[in-house]
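> For reference, the sequence and a predicted model appear below.
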Amino acid sequence: ARPLERLAARASRIGDGDFSRRPFLETHIPEIDHIGSAMDTSAMRVDTMLANERHFTADATHQLRTGIAGIAMRLELLSLHHDEVVAADAAEGLRQTDQLNATIDDLLAAARNRTTNEREIYDLTTLVNDHADEWRPRFQAERRHISVITSVPAPPVFGTKGLAGQVIDILIDNALRHGAGAVTMMIDGPSVVVIDQGAGMSKARLAAVFDGPVDPSARHGRGLALARRLAQVDGATLEVVGNRPLRLRFTLVRGELGSVEAGRDEARELWSRRKVDVSDQVV
């Protein structure tokens, strides 16, 4: 039953939005291996599609803001014109560029909310242990060790379990590929600190570890920049808290804080709908 349990767990995580590709463990049962392979292929396609969408959104936003900045600079020069009418029109144009920037911010916020509409309260310790268990055979094959320890018990956390799972997978994959020795995942309250026994990073690499665009064609789990962006989408943070050995801290939102924020979001949405309903009734 163990292969079926792993398959069911994988299907459940895909349902939670975790499309990261993990090392495929053959069961030598053709039917199960075929389903598992098809599931991983589908998850990879969805993950690539989402990565392309994020990449396009970032590029499009950059191009829009660059164009708006150029227009604003010309309007600022015109706002100093000796003709009062020209100056007034330029000032109005500047106000509209500010509104356009605010609209872009609102659209980006709406896009982020669409990716986090599966937020819930869940158990961080269980999530970390589940992912460590899935990676353990790969570590054993490399004659390395991965363990989970608890410094401070984790409270319930609030977020998208699938996104958190992807971040955890990237951190484990990074430690396996670029670190050395044993890897420790330390639960420290609402945080997970991933520690390996490697030589760490140079100062230049450390300063730019989260910089640079995310390549949507790269295999998932290759970049810490992607991990930070996924964390930020869900209201979490990812930071380097030590070097030699490298220590990366992934901090999630506490359950009670997330519930309050979710309640505020729901209240704002209901109030917005109420205002629309009232305006529709005005003759």
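Done, it's in. Residues are numbered from 1 along each chain as shown.

> quick one: the strands in the chain?
Using DSSP state E, the strands of the chain run over 120-122, 146-152, 157-159, 183-188, 191-195, 237-242, 247-251, 253-254.

> Point out where this structure drops to low pLDDT.
1, 15-25, 54-56, 59, 103, 106-118, 212-222, 257-283 (pLDDT under 70).

> Report the central residue of it.
Centroid check for the chain by CA atoms, centre = their mean gives L230 as the closest residue, at 0.8 Å.

> okay, the strands of the chain, which one's buried deepest?
Each of the strands of the chain was scored by mean neighbour count; the highest is strand 157-159, a mean of 25, by mean count of other CB atoms under 10 Å. Heads up, the C-betas are built off the backbone N, CA and C, glycines and all.

> And it, what does it pack against?
Counting by 3 or more CB pairs under 8 Å, 6 or more residues apart in numbering; DSSP states H and E, the packing neighbours recorded for strand 157-159 are strand 120-122, strand 253-254, helix 255-281.

> strand partners of it, parallel vs antiparallel please.
strand 120-122 (antiparallel), strand 253-254 (antiparallel) (DSSP bridges).

> and those as JSON lines, adding distance to Q140?
Converted to JSON lines, these look like this (distance: least, CB to CB, whole Å):
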{"stretch": "strand 120-122", "distance to Q140": "28"}
{"stretch": "strand 253-254", "distance to Q140": "34"}
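
> between the ones you listed, which gets nearest to G159?
strand 253-254 (5.8 Å; CB to CB).

> quick one, longest helix in this protein?
helix 30-78 (DSSP state H).

> For R177, list the residues it contacts.
Listed by CB atoms under 8 Å, 6 or more residues apart in numbering, R177 has no contact partners.

> That one and V193, how far apart?
According to CB to CB, to the nearest Å, R177 stands 19 Å off from V193.

> any idea how the protein splits into domains?
Domains of the chain are assigned by automatic domain parsing as 2-115, 121-257.

> most packed of those domains?
It is domain 121-257: most buried of these by mean count of other CB under 10 Å, with a mean of 18.

> quick one: that domain to chain centroid distance?
Once both centres are worked out by CA atoms, centre = their mean, to the nearest Å, domain 121-257 turns out to sit 12 Å from its chain's centre.

> gap between the residue nearest to the centre of the chain and F250?
10 Å.
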